[in-house]
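*Asks:* Output the structure for:
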Amino acid sequence: GMRVALLRTAPVLAPQGGVLGRLLPPFRLGLGGRLGSGAQWMPWIHIDDQVALIDHLLQRDDCSGAFNACAPHQVRNAEFTRTLARALHRPAVLPAPAWALRLALGEMSVLLLGGQRLSPRRTQDAGFAWRQPTLAPALAQLLHST
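*Replies:* Numbers count the residues shown, from 1 in each chain. The predicted structure follows:
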């Protein structure tokens, strides 16, 4: 009889730490680039939207079941890396080959090379309104706050 809402969370973009914290050092040095082929989908969500979505689901008694916590504007890894490089005014010309990622990261490389195309359809249907639905403005806001 208890309502349960489950979040399937994409990598969260935040000004400190997380996936962005790991990507920023090489990208700031101009050493960033796509991972593997770059064709894999790379879901993401801005930290402000993640927090707002949790609050939204807590406030809505009619929301139960699984919800994808990801931005509605989906991008592939190559687009993500180009957009991040552009936001930093740096090139993104040094791709990380799939074989090198497999060698360095082993099974964890599957997370970077496999990708997953998520759709936030149920999240949208629940009436959630994103503050940062597209990548370029989201990165600009995050990089401005670092």
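*Asks:* From residue 99, how far off is the residue nearest the centre of the chain?
*Replies:* With distances taken as C-alpha atoms, centre = their mean, residue 44 lies nearest the centre of the chain, 1.8 Å away. Plainly put, residue 44 is 25 Å away from residue 99 if you go by C-beta to C-beta, to the nearest Å. In short, each C-beta sits where N, CA and C put it, glycine included.
*Asks:* can you check residue 93 too?
*Replies:* 19 Å.
*Asks:* show me where pLDDT drops low in this protein?
*Replies:* 146 (pLDDT under 70).
*Asks:* Let me see the contact set for the residue sitting furthest away from the middle of it.
*Replies:* Farthest-out residue of the chain from its mean C-alpha position, per C-alpha atoms, centre = their mean: residue 1, at 33.6 Å. Contact criterion C-beta atoms under 8 Å, 6 or more residues apart in numbering gives no residues in contact with residue 1.
*Asks:* Tell me where the chain has helices.
*Replies:* Using DSSP state H, the helices assigned to the chain run over residues 18-28, 47-59, 77-88, 98-105, 109-114, 121-125, 135-144.
*Asks:* Deepest-packed of these, please.
*Replies:* helix 77-88 (a mean of 20; mean count of other C-beta atoms under 10 Å).
*Asks:* helices and strands around that helix, which ones?
*Replies:* helix 18-28, helix 135-144 (3 or more C-beta pairs under 8 Å, 6 or more residues apart in numbering; DSSP states H and E).
*Asks:* any idea how far it is from the chain center?
*Replies:* Relative to its chain's centre, helix 77-88 lies at 12 Å (C-alpha atoms, centre = their mean, to the nearest Å).
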